[in-house]
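Asker: Take this sequence and fold it.
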Amino acid sequence: MGRVFQFQKFYLQQSESAMPLTTDAVLLGAWAELGAARTILDIGTGTGILSLMFAQRYPRVSITAIDINEEAVKLAERNFANSPWKDRLSVRKGCFTEMGGKWDHIVCNPPFFRGSPSRKSGTHTARQIGLLSPKALLKQAPILLNSGGSISLIVECENDLESPPLNQFSELQCRRICKVHPQPNTPAHRLLLEYQKSGQSDQGIEESVLIIRNEAGQYTDEFKQLTGGFYLQA
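Answerer: Numbers count the residues shown, from 1 in each chain. Prediction:
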């Protein structure tokens with residue numbers, strides 16, 4: 001069965017063949033805003049963490065999760081079945097470039113790493129990285145989104161070349177951005193991003209900053225407030 005991670009209202013089974021649970025995923029699942037969205041597509045679901053967080057936060061949404069890895073699909077399926085929201089969650093094997101249909105919101109925690117992946121997870125990780133680049137996702141998103149729909153993702157920002165441009169997609173506009181810093185006085189290492197499928201470009205971008213730990217290495221109040229509905233303790 002692998003490791004089990006216990007949240008307040010659900011638990012996750014994990015395995016070495018699927019992308020492991022990370023703080024990045026929890027941040028994205030807690031930060032993303034669905035508004036009036038009712039249908040969600042979770043791309044590269046892994047353990048299913050984002051789908052489960054959205055199901056907890058938004059009682060009326062229906063969520064479709066996909067992953068190219070068969071073991072990840074089976075794992076997410078088990079996690080969904082063990083949750084209180086199994087009737088609103090579904091998962092299947094597939095690639096987002098081959099999906100039919102449209103959704104109100106897309107969410108993705110694209111995999112990334114510096115250096116070589118492990119032998120056990122290397123093939124899956126490398127394939128995911130190749131397919132789920134931020135720019136590839138944002139290029140495909142308008143095809144998968146309903147009018148006015150949105151996409152949320154988290155990306156690296158160790159250098160500007162690795163981050164997607166904010167407003168250089170013909171059918172998408174960046175609406176929200178949060179710069180995530182590991183500690184005070186350190187550079188941001190992640191960006192939380194939300195884009196909307198819209199022809200309107202004059203609404204501006206809502207910008208914010210989140211610091212995960214204080215100088216003593218403890219979680220900040222802002223981090224605990226954001227993730228407080230999920231972790232048993234922070």
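Asker: alpha carbons only for contacts and neighbour counts from here, please
Answerer: Fine.
Asker: Helices of this structure, start to end?
Answerer: Here the chain has its helices, by DSSP state H, at 23-31, 49-57, 70-81, 122-131, 134-144, 221-227.
Asker: out of those, nearest to Arg190?
Answerer: Set against Arg190 and scored by CA to CA, the helices of the chain come closest in helix 23-31, at 8.2 Å.
Asker: Can you give me the buried ones in that closest one?
Answerer: 24-31 (16 or more other CA atoms under 10 Å).
Asker: Give me the mean pLDDT for stretch 206-213.
Answerer: Per-residue pLDDT over stretch 206-213 has a mean of 96.
Asker: typed the wrong thing, it's stretch 58-68
Answerer: Per-region confidence: stretch 58-68 scores 97 on mean pLDDT.
Asker: Tell me the gap between it and the middle of its chain.
Answerer: Remark: stretch 58-68 is offset 12 Å from the chain centroid, using CA atoms, centre = their mean, to the nearest Å.
Asker: got the contact list for the lengthiest strand in the chain?
Answerer: The longest strand of the chain (DSSP state E) is strand 145-156. Here strand 145-156 makes contact (CA atoms under 8 Å, 6 or more residues apart in numbering) with 24, 28, 32, 37, 102-110, 112, 134, 141, 162-163, 189-198.
Asker: ditto for stretch 92-105
Answerer: By CA under 8 Å, 6+ apart, stretch 92-105 touches 34, 37-41, 43, 64-70, 73, 140, 143-152.
Asker: What's the end-to-end length of that stretch?
Answerer: Stretch 92-105 stretches 18 Å from its first residue to its last (CA to CA, to the nearest Å).
Asker: What's the mean pLDDT across that stretch?
Answerer: The average pLDDT within stretch 92-105 is 94.
Asker: Count the neighbours of the residue nearest to Val4 when sequence neighbours are not counted for me.
Answerer: Spatial nearest neighbour of Val4, chain neighbours left out: Gln13 (4.5 Å); criterion: CA to CA, 6 or more residues apart in numbering. Gln13: 19 surrounding residues under other CA atoms under 10 Å.
Asker: could you measure Gln13 against Asp24, distance?
Answerer: Gln13 is 18 Å from Asp24, where distance means CA to CA.
Asker: give me the low-pLDDT residue ranges for the chain?
Answerer: When residues are selected by pLDDT under 70, those of the chain lie in 1-2, 16-18, 112-131, 158-168, 199-202, 233-234.
Asker: returning to that earlier point: show me which of the buried residues of helix 23-31 is closest to Leu232.
Answerer: Set against Leu232, the nearest of the buried residues of helix 23-31 by CA to CA is Val26 (12.8 Å).
Asker: Pull the contacting residues for that closest one.
Answerer: 49-50, 227.
Asker: cool, and Ser170?
Answerer: No contacts exist for Ser170 under CA under 8 Å, 6+ apart.
Asker: quick one on the thing from earlier: by neighbours, which of the contacts of Val26 wins?
Answerer: Ranked by the number of neighbours (other CA under 10 Å), those place Leu50 first, at 26 neighbours.
Asker: these two touch, right, that residue and Asp42?
Answerer: Yes: using CA atoms under 8 Å, Leu50 is in contact with Asp42, at 7.1 Å.
Asker: list the residues that contact both of the two?
Answerer: Common neighbours of Leu50 and Asp42 are listed as Val107 (criterion: CA under 8 Å, 6+ apart).
Asker: Tell me how far the residue of the chain positioned farthest from its centre lies from Asp24.
Answerer: Here the centre of the chain is the reference, and by CA atoms, centre = their mean the most remote residue is Ala216, at 28.1 Å. To Asp24, Ala216 is 21 Å away according to CA to CA.
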